[in-house]
Structures are given as C-alpha cells and as structure tokens.
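Q: Got a predicted model here, sequence first, then my questions.
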Amino acid sequence: MKLKKLTIRNFRQFYGEVSISFSTDEQASVTVIHGENGAGKTSLLNAFKWVLYGTTDFDTNNQNILSERAIAEADQGSPIVMSVTLEFDDEGASYTAHREQKFTKGEGLYADSLGPSVPSLTWIDTAGLSKSSSNPGSQLNQILPEDMHSYFFFNGERIEKLAYNSASPQIREAIKALMGLNILDRAEKQLKGAVVRHFNKEAKDNSSGNMSELLDEQAKLSEKIQKKEEEIYNWEKTLSEIDLEIEAIDKRLFSIAAISEKQKRRKELEEQIDQIKRDTEHSSSALDKIITERGFLAFIDAPLTEVKQYLDDMRIRGEMPSKVKPTFIDDLIELGKCICGQPLEVGSDSVAALESYKTTIEDNGIEEQFITLFGEISHLQTARASMFSSISGLINKLNDLADRRKDLLGRIDELGEEIKGVEDSAKLEGRRANLKDKREQFKTACILGKDQNSKFEEKLRANEKEIEKELASTNQADLSQRRQQLAKEVADTIGELHEAMAHKVRSDLSKKVNDTFRSIMKKDYWAEIDEDFTLKIFKNIEGHGKQPVWEKSTGENQITSLCFISSIVNTAKKWASKPSAFQKGGIYPIVMDSPFGALDPEYRQKVAAFIPALADQVIVMVSKSQWRGEVESELSKKLGKQYTLKYHKPGPGSDEKFEYTNLEEGFNG
Amino acid sequence: MKTPKEVINSASQEAQSVINKVLKIHQEGKHYRALPAEMERDFCERIIKVIKDEIKS
C-alpha cells in the first residue's frame, strides 16, 4: 500500500478543501508535515482513520468533527458537506477511498447530521479497467485491517502506553491481529454456538420423554454459558482499558513535582495492598484445604475418649495385651521343656493346652489390632490438636491481614485527598478515583460472572452424565449426540490452537523487539515480551542476575513501544511475500504524529535514523522543536516532500473570526 | 504451553480432519471485520455438513 494523496474538506479545523500529495519515491520515502501544537496534526492523523473506517480517536469520537468555520459561514438550513478522500496504490491497482457526511446548518454554531457518513471505493485495476466496490468497508479492511491500523497510523506521544505493565491485553490483541487469528475466534464461537445448537435440536427432535427434557436443559445451559463468557470478555476488556488509563494517570501524577512523593508513597501502599490480597487468598485456600481434608477431626473427640477409656480398662484388667506370645509357646514346645522345668512331650495334654492358647491369640489377631488402634487413637488426638492450632494460626493471620488492609486503605485514602488538594492534580485525581470505582465494579462483575458460569458448567456436566446414562439405556438420538460432541471437541481444540499460535508469534516477536531495542538503547538493558504478553525491560544486577526495570522513563517506554511496532511492521512485510493460512502480511506505510516528543537528543537521533527503515513510505508529523537538530539531519537523508500546517487563530488584532488551518508546501523553519 | 502442532496432534483423528475443513471455510471470510449474516449462515451450514460427513452412522 502506498499513499498518494489526501484531500480533506471541512474536517475539524480544515476549512474548505485542502490536499496533500505524499512522496512515493523509494529513495526519498519520507514526507514531513510540520505544525505547531493545535495546528491540526492529530486531525490529519484522524482523517486517515475516518476515511478508512468511519471512526476517530477524538475524545468525543465523531461528534464535532465538522469545521466550525464551515458551519458559521453557511446559511441557516443550507447543506454542508464534510469529506475526506484518500488516493493510494495497492498490489498494482490505483484506489480512491472517499467518505462524506452531510449536515444542515441549524441555529448559531450548530449543524444537524443528515445521516451517517457514506464510504465509497473505486479503483483502476492492473488492466486499466475502472471498478467500484459494493462493500467498501470490507474491501478497505482487506487492504489494511482495522485492528492493525493503530500500528501503522499512530500518535507518538500515546504509543508509550504499549510498554506499560497493564498493556498486556493490547499486546496480545496486536499479535492475534497480526496473525489473522480472528478466523480462529470466529470458528470457535460458531462451533460452540450455532453448530452445537443445531445438533442439540436435531437430537431433541429425535428423542422423547426424559431425554428430550435433558437435551432442552443442555441447550439452555450452553446458551447461558456462552452469553456469560461474552459478557465476561467485554468486562475484562473494559477492565484492561481502565488499568491502562490509571497507569497513564499515575505517570502524569508522578511528573507533578508537588505531589510526586505522595504519589510514590501511594503506589507503594497499593503494591502492599496487592501483596495482602495475594497473602489472604493463599491463607484462605490453606484454611479451606485443612477444613476439607481434616475437618472431621473436630467432631470425633467424644468417641475417641470413649474408645481409649475402653482399651485402657482392658489393659488394666490384664486382658490386653496378651501376656503370652505365640512365638514363646513355639519355642517352649520345640525345647520340650516348660519354664517351671516340667517336660513337654509331643502329644501330651500340657502341649495341647499350650497349643490352644496360641490358636486363640493367632486367630483373633486381637493383640495386633489393640496395639494399632491404641496408636491410631493417639495419632488422631495429636492431629486434632494440630488442626485446631493451624486453624487458629490461619484465622489470626487473616484477621491481621484484614486489619493491615483496612489501615492501608485509610492511608491511601488520605494520600488521595492530599493529592486532590494540589491544584494541578485535582482533575487527574478525580478521574483516577472514578476509574478505581469503575474498576472495582467491573472486577466484581467478572468474579460473580465467573462464579455463575462455573455453576452453570457444573450443572452442564451433570446434565451430560444424565444424557450419557439415558443414551446407554435407550440409544435415542445417539448420532446427533456424537456429532455434537465432535463439534465441541473441535471448538475446544481450535481455542487451544489459538492460544498456542499467539504464544509462538509472541516468542518470535520478542526476539525482534530485543534486537531493535539493543541497537537503540545506550544502557545495557534488553526487552522481552513475557509469557503474560507484557512488554518488559530487563537489566543484569551483579549477584542477582536478570531483574526487571520497573521505573522506566517516558522516553524509554516510547522507544520500547516503537521497537514493538517496528517488529510488527517487519513481520507483516516478511509475511507479505509468503502468505499462509493465517498470516496475510502486507507492506504498509507508517504515519506518525509527534514520535520524538519525550526523547533526549541521543535517542531522537537513533529513532530518527531507524524510522525510514521501518517502512517503504513514512509520513511524519512534527512540531518545530521536534524537527530541529538530530531529527532534521537524519530524516533529511530520505526526505521527499514537506508541508506546513498554518493555523489561523481568531483573537484581538486578527481579521479571523474562526479558527482554521490551511496547508502550504515546503517548510520555512 | 503446547506448540500448535502438539495441540493438533492431541486431538482425535475425527477432530483433526474437521478442524482443517472448518478453518478452510473460515479462511474465505478472513478479510471481513464482521462476517455478513448471509456468509455466517453459509459457513454454519457447511460446517454442519462437514461434521455430518465425518460421523455418518
């Protein structure tokens, strides 16, 4: 895919029609768009997103994207057209993607939308024939998948989030999108849903009585489980977005000098709370285990005492243990002489009497059982005492953990109030508190949802056992039942395959990320995508080996994220030459807004040097301060075209009534 | 974590044969962000047929 021209009309601060032609020269593949803050660089980035997919990254999404000046200058009731057109080449064809939305001017600076935006896609194929798409959205997605879009069109100041600890769901999603694993997702859902339902219905139609009811229950339970799984998936997705935003707010709070110490302290206390949570879970499960495995000991004290008393009485009465051992009798008979000196002749009455004692003892085995039972009772009494001692210890620990948690929460709350009291941070702190509340709500919903689902699954397992029993006795609906089982096995295997493939790509990408990272970083650090799909930086500490780097600067996070994106782009490019069942790959341009913001001069130079190598075409949007020096000298080596966004600001001494931006070719410094 | 090959090999012969066919069907829709309803129905019917062909009696 090679971008040729972007034409914007009445989109955000771009009033009237504004066009940019991008450099398509392989030797000079970089197009630079200069603009100061607020001039429209982010709007330009969003124009790409809007024309391709009909969405934007603005906080208000697609609200208020019509140019203010276009509304102001229109007559009331007259139509206003907002549109973006993107011309590009892909695999030999020349495409024109266009999206427009019509409005009618209302009162003041208000305009009513006359309907949703309408996309169109036309192209001239390799034979020179002109064509038009009946499904432009899907066809554009085929050329540049929407879920991969953010890795090719991105805001440099926001990509640092990819390196946050809470960004693992995003990294996992990127890897799955890169692999084209969405087909596995769809196949698994379809098999578990519609296909299983079909065979269930078929089995039910061929059954009667109890079997029919069981199958009906099975269908209902499967449906409930699937619905709940989808709900939990969405809650977890929201939860991960909340975590990411909280982490971003925390980074910003750290940067406010007046509260950075308080913020640091709060972070430490929150980590302690997390540890307490883990300890509580550990102690609770140990308590559960003790009660499940040894709980019966609590109720056997009375029978134990009674039996022990009985055995003791026997012992006191001299009934047990036996005073004469069978081996002793054997020895006497063999010796032929009693301990009193009387001879013991074979066949005599004395020997017969002795033999009878031996038989009684041996046959009953009472003595052995007496001793064993005595030992067992003592053992059970010791185990009982030890169980009570363990339970008491764990309960004390849980109480102690609960007290510490309460205390820490109070201190965290106080710190929150103090942070809120500092003017610069009040808004951020308010948002953070709000997000924390929401986080708790979603977390509770997830826990309850999972608990509900495990109950449904338990019922389903019981139901399936009943069905099996019924099948064995009636042989009803056996064929459909076996088909349903196969559909489930296939769905489960595809689910497992999905995870296994994502992990394989993760480990390949991890190596690539590290290679790029080490070529840029001046410190002896290395980067990895770990088993949990978190992008992490590590260092070696003498005597302690490999240790994670927790406190990364914004610049380090930005570089780590850029390395990840570069690995994704390279992999997509590599796969474009050998597409397979899952991976499509592709050669994509890179459009970056402010990628050098938080970097120091050395890193700016290194990042600027590797950016042109990222893709066959690169479009960079920079402010004057980001451009000068190292970035200019590196990017100028591959510079094809330059534009400057000119922002017109209304205000005293200005003829302008409304803000707008126009574009000039070139750059005047 | 099992490798993709190990996952496939641990499935039954019947499941392995169905997986290949199911994934081939879904390949046809890989460029769609959301499968059109008609295509989804068509895929579903074809997958049901694949399973029926695998277990005939």
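A: Looks like it arrived, so ask away.
Q: Enumerate every residue touching the closest residue to chain A within chain B.
A: Distance from chain A to each residue of chain B (CB to the nearest CB) is smallest for B:His31, at 3.6 Å. Bear in mind the C-beta positions are built from the backbone N, C-alpha and C, glycine included. Contacts for B:His31 (CB atoms under 8 Å, 6 or more residues apart in numbering or on different chains) come out as A:Ser138, A:Gln139, A:Asn141, A:Gln142, A:Pro145, A:Lys584.
Q: buried stuff in the helix ranked longest in chain B?
A: Ranked by residue count under DSSP state H, the longest helix found in chain B is helix B:37-54. By neighbour count on 16 or more other CB atoms under 10 Å in any protein chain shown, the buried set for helix B:37-54 is B:Glu40, B:Phe43, B:Cys44, B:Ile47, B:Ile48, B:Val50, B:Ile51, B:Lys52, B:Glu54.
Q: if I look at the nearest residue to the second one once chain neighbours are set aside, how far off is B:Ile19?
A: Distance criterion CB to CB, 6 or more residues apart in numbering or on different chains; nearest residue to B:Phe43, sequence neighbours excluded, is B:Ile25 at 5.4 Å. Between B:Ile25 and B:Ile19 the computed distance is 11 Å (CB to CB, to the nearest Å).
Q: again with A:Ala298
A: Between A:Ala298 and B:Ile19 the distance is 52 Å, computed by CB to CB.
Q: what ranges of the stretch 1-150 of chain A fall below the confidence cut-off?
A: Applying pLDDT under 70 to the stretch 1-150 of chain A flags the ranges A:60-62.
Q: If we look just around chain B, which residues of it are in range?
A: Within reach of chain B by CB under 8 Å from any CB of the partner chain, the stretch 1-150 of chain A has these residues: A:Gly137, A:Ser138, A:Gln139, A:Asn141, A:Gln142, A:Pro145, A:Glu146, A:Asp147.
Q: closest to chain B among those residues?
A: For those, the nearest to chain B is A:Gln142 (3.6 Å; CB to the nearest CB).
Q: Packing partners of the strand or helix carrying A:Lys573?
A: If you go by DSSP states H and E, A:Lys573 is part of helix A:554-576. Applying 3 or more CB pairs under 8 Å, 6 or more residues apart in numbering or on different chains; DSSP states H and E, we find helix A:554-576 packed against helix A:168-179, helix A:478-520, strand A:525-529, strand A:535-541, helix A:601-610.
Q: which one is A:Arg384 nearest to, not counting chain neighbours?
A: Per CB to CB, 6+ apart, closest to A:Arg384 is A:Leu297, 4.2 Å.
Q: distance of that neighbour from chain B?
A: 41 Å (CB to the nearest CB, to the nearest Å).
Q: OK, contacts around A:Leu121?
A: With CB under 8 Å, 6+ apart, A:Leu121 has these contacts: A:Tyr95, A:Thr96, A:Ala97, A:His98, A:Ser132, A:Ser133, A:Pro136, A:Gln139, A:Leu140.
Q: Pretty sure it sits in a strand.
A: Yes - counting by DSSP: H, G, I helix; E, B strand; the rest coil, A:Leu121 is located in a strand.
Q: beta partners of it?
A: A:Ala97 (DSSP bridges).
Q: That one and A:Ile529, how far apart?
A: For A:Leu121, the distance to A:Ile529 - CB to CB - is 35 Å.
Q: how about A:Gly92, phi and psi?
A: The phi and psi torsions at A:Gly92 (degrees, to the nearest 10) take the values phi 90, psi -10.
Q: Surely it and A:Ala127 touch.
A: No - between A:Gly92 and A:Ala127 there is no contact under CB atoms under 8 Å: 9.6 Å.
Q: What is the neighbour count of A:Ala353?
A: 10 (other CB atoms under 10 Å in any protein chain shown).
Q: Please, which helix or strand holds it?
A: Residue-wise, A:Ala353 maps onto helix A:349-364 under DSSP H and E.
Q: Centre of the chain to the very next helix or strand once past that helix, how far?
A: Sequence-wise, the next helix or strand downstream of helix A:349-364 (DSSP H and E) is helix A:366-420. How far helix A:366-420 lies from its chain's middle: 34 Å, per CA atoms, centre = their mean, to the nearest Å.
Q: following helix A:366-420, which helix or strand shows up next?
A: Counting by DSSP H and E, what follows helix A:366-420 is helix A:423-474.
Q: Tell me the residues of chain B that contact chain A?
A: Going by CB under 8 Å from any CB, the residues of chain B near chain A are B:1-4, B:6-8, B:10-12, B:14-15, B:18-19, B:22-23, B:25-27, B:29-33, B:35-36, B:40, B:43-44, B:47-48, B:51-52, B:54-55, B:57.
Q: From the contacts of A:Leu121, list the buried ones, please.
A: Neighbour counting with 16+ other CB under 10 Å marks A:Tyr95, A:Thr96, A:Ala97, A:His98, A:Ser133, A:Pro136, A:Gln139, A:Leu140 as buried within the contacts of A:Leu121.
Q: could you dump these to a markdown table with distance to A:Ser561?
A: Listed next are these as a markdown table, based on distance: CB to CB, whole Å:
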| residue | distance to A:Ser561 |
| --- | --- |
| A:Tyr95 | 30 |
| A:Thr96 | 33 |
| A:Ala97 | 28 |
| A:His98 | 32 |
| A:Ser133 | 34 |
| A:Pro136 | 31 |
| A:Gln139 | 30 |
| A:Leu140 | 26 |
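Q: ok, those vs chain B, which is closest?
A: A:Gln139 (7.9 Å).
Q: wait, the closest one sits on A:Ser132?
A: No - contact criterion CB under 8 Å: A:Gln139 and A:Ser132 do not qualify, at 10.4 Å.
Q: Now do the same contact list for the residue sitting nearest the centre point of chain B.
A: In chain B, the centroid-proximal residue (CA atoms, centre = their mean) is B:Val22; its distance is 1.6 Å. By CB under 8 Å, 6+ apart, the residues touching B:Val22 are A:Ala187, A:Leu191, A:Val490, A:Ile494, B:Ile47, B:Val50.
Q: Among the residues you listed, which pair sits farthest apart?
A: A:Ile494 and B:Val50 (13.3 Å; CB to CB).
Q: Dead centre of chain A: give me the residue that sits there.
A: Chain A, centroid-nearest residue using CA atoms, centre = their mean: A:Pro169 at 2.9 Å.
Q: leaving aside the residues next to it on the chain, what's closest to that one?
A: A:Pro169 sits nearest to A:Ser240 (CB to CB, 6+ apart), 3.9 Å away.
Q: go on, A:Asp125?
A: A:Ala93 (5.0 Å).
Q: Low-confidence stretches in chain A?
A: Using pLDDT under 70, chain A drops low at A:60-62, A:178, A:318, A:320-324, A:359-365, A:423, A:474-477, A:579-585, A:598, A:669.
Q: Alright, that wraps it up for me.
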